[in-house]
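Visitor: What follows is a predicted protein model with its sequence.
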Amino acid sequence: MDFTWQYWLTGLVLTAVLSLAHGLAMRQRYHKDERADIFAGDPTYRPLLITYCFVLGMAISEAWHHSPIDDGIPALFFTGLVTVIAARLLTSWAYKTLGRNYAPTAYNDDDSHTLIKDGPYRYFRHPIYAGNFLFLVGVLQLAQAYTAWLAMLPYMLMLLWRVQVEEHHLDQKFKDV
């Protein structure tokens, strides 16, 4: 494991690039007034996004500075590939199940929003978050990014915060259900 400054600097630059790319995508998807309404009330959105991009940036950085396949393709590469595929399948299933109930933030005050209890939500409460977490685990395995595992700590803390905020909001909104 090598804790050189190049990993961290490249990882931070890639974090900024990935965060800006996401911001541009959101600009295309939502009108300016709609963006202000959607994202203003959720204190977890940006920190979660930035820490997610930080993990990806660190994984890419470490793979870039030290190719994971220099010494041949290790078994961990295949484990990572299977994990990434399973994570994307889980996330896609969850998005499909949510349909119009999906909101990019922890809050959704739309009156048509209903509590979903089927699909992957039948088995656990936050399959999108679980899928995103598993995706990052798979990417770290694919990239053989050992240093980048340290970047998972802030992401996990932000994810736990997001889950608490969302749970509180859902409890308030669906207390009668």
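Guide: It's in.
Visitor: Point out where the chain drops to low pLDDT.
Guide: Segments of the chain classed as low confidence (criterion: pLDDT under 70) are 1-3, 34-39, 68-73, 177.
Visitor: Name the residue closest to the centre of it, please.
Guide: The geometric centre of the chain, computed from its C-alpha atoms, lies nearest to residue 132 (C-alpha atoms, centre = their mean), at 4.3 Å.
Visitor: what's the distance between that residue and residue 55?
Guide: Note on residue 132: its distance to residue 55, by C-beta to C-beta, to the nearest Å, is 10 Å. Using the backbone N, CA and C atoms, a C-beta is placed for each residue, glycine as well.
Visitor: okay, and the common contacts of the two?
Guide: Residues touching both residue 132 and residue 55 (C-beta atoms under 8 Å, 6 or more residues apart in numbering): none.
Visitor: these two touch, right, residue 101 and residue 117?
Guide: No - contact criterion C-beta atoms under 8 Å: residue 101 and residue 117 do not qualify, at 11.4 Å.
Visitor: what about those two, which has more around it?
Guide: Between residue 101 and residue 117, counting by other C-beta atoms under 10 Å, residue 101 is the more crowded of the two (13 against 10).
Visitor: If we ignore the residues flanking it in sequence, what's nearest that one?
Guide: Distances taken as C-beta to C-beta, 6 or more residues apart in numbering place residue 113 nearest to residue 101, at 5.4 Å, with adjacent residues excluded.
Visitor: Going along the chain, name the helices of this structure.
Guide: With DSSP state H as the criterion, the chain has helices at 5-29, 32-40, 45-65, 75-98, 127-143, 152-173.
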